[in-house]
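Fold the following.
(2 chains)
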Amino acid sequence: EAQVTQNPRYLITVTGKKLTVTCSQNMNHEYMSWYRQDPGLGLRQIYYSMNVEVTDKGDVPEGYKVSRKEKRNFPLILESPSPNQTSLYFCASRGLGGNQPQHFGDGTRLSIL
Amino acid sequence: AQTVTQSQPEMSVQEAETVTLSCTYDTSESDYYLFWYKQPPSRQMILVIRQEAYKQQNATENRFSVNFQKAAKSFSLKISDSQLGDAAMYFCAYSPRNTGKLIFGQGTTLQVKP
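This next block holds a predicted model:
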């Protein structure tokens, strides 16, 4: 089954404790992205990657890191999480062609105390 | 800056009626893609419909259609014969050609009344 898998689904942690949210896709997609969703703001792109070792900033990259060492994986790293990073996070992937739909993961609810 | 605006935070429609959700965007690009995504309470993101800017013909997918006005930078979604399962948050999104960027609007929550 074609899917984007992100883990964990839920996480409560404390300020300053490094965390990683993993994302993996099994569709051999070139493009992968991370978004955060906040009430009244919609989804905002954090980082995206157009291929292995190629990443670029989205609209809200501050406080986040990503890496794309393998085509299927695109982890999101919060080196020193802060309460303003409490949000719902989505990973997504798509194939070549800008009209291709994004395939989204099920979301990760992060709470940083 | 490229932006997407959905000016209707909430909308409601009677079952079997038609409703139109508004979306405007701002860009200096001439070639891009536009999308409508649906997010039900399960929080899954589901593609509803997509439009390529170079195509003048409005996209249609079953009960869903768009009114794409390129000069006005407007991309509204029309849902015909509304069903209870259409109740969700709807997001308009814009993507410039040949980039990985995808910019979403704030979302519109659609309520469908039986």
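
if I pick residue 43, what's in contact with it?
Picked chain A for this. Residues near A:L43 by C-beta atoms under 8 Å, 6 or more residues apart in numbering or on different chains: A:35-37, A:90, B:45, B:91, B:93, B:104. Glycine gets a C-beta too; all of them are placed from N, C-alpha and C.

ah, no, chain B please
By C-beta under 8 Å, 6+ apart, the neighbours of B:R43 are A:88, A:106-107.

Would you mind naming what in chain A lies close to chain B?
A:31, A:33, A:35, A:40-45, A:48-50, A:56, A:58-59, A:88, A:90, A:92, A:98-99, A:101-102, A:104, A:106-107 (C-beta under 8 Å from any C-beta of the partner chain).

sorry, back to before: got TSV for the contacts of B:R43, with neighbour count and distance to B:T108 too?
Shown next, in TSV, are the contacts of B:R43 (neighbours: other C-beta atoms under 10 Å in any protein chain shown; distance: C-beta to C-beta, whole Å):
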residue	neighbour count	distance to B:T108
A:L88	15	18
A:D106	16	22
A:G107	20	19
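
Scan chain A for its longest strand.
The longest strand of chain A (DSSP state E) is strand A:42-51.

Output the next helix or strand after that one in PDB with nothing but the alpha carbons.
Of the helices and strands lying after strand A:42-51 in sequence (DSSP states H and E), the nearest is strand A:54-57. Extracted as PDB, the C-alpha positions of strand A:54-57 are listed here (Å, rounded to 0.1, in the frame of the first residue of the first chain):
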ATOM      1  CA  VAL A  54      18.800  18.700  -1.700                       C
ATOM      2  CA  THR A  55      16.800  20.600   0.900                       C
ATOM      3  CA  ASP A  56      15.300  24.100   1.000                       C
ATOM      4  CA  LYS A  57      13.600  26.300   3.500                       C
END
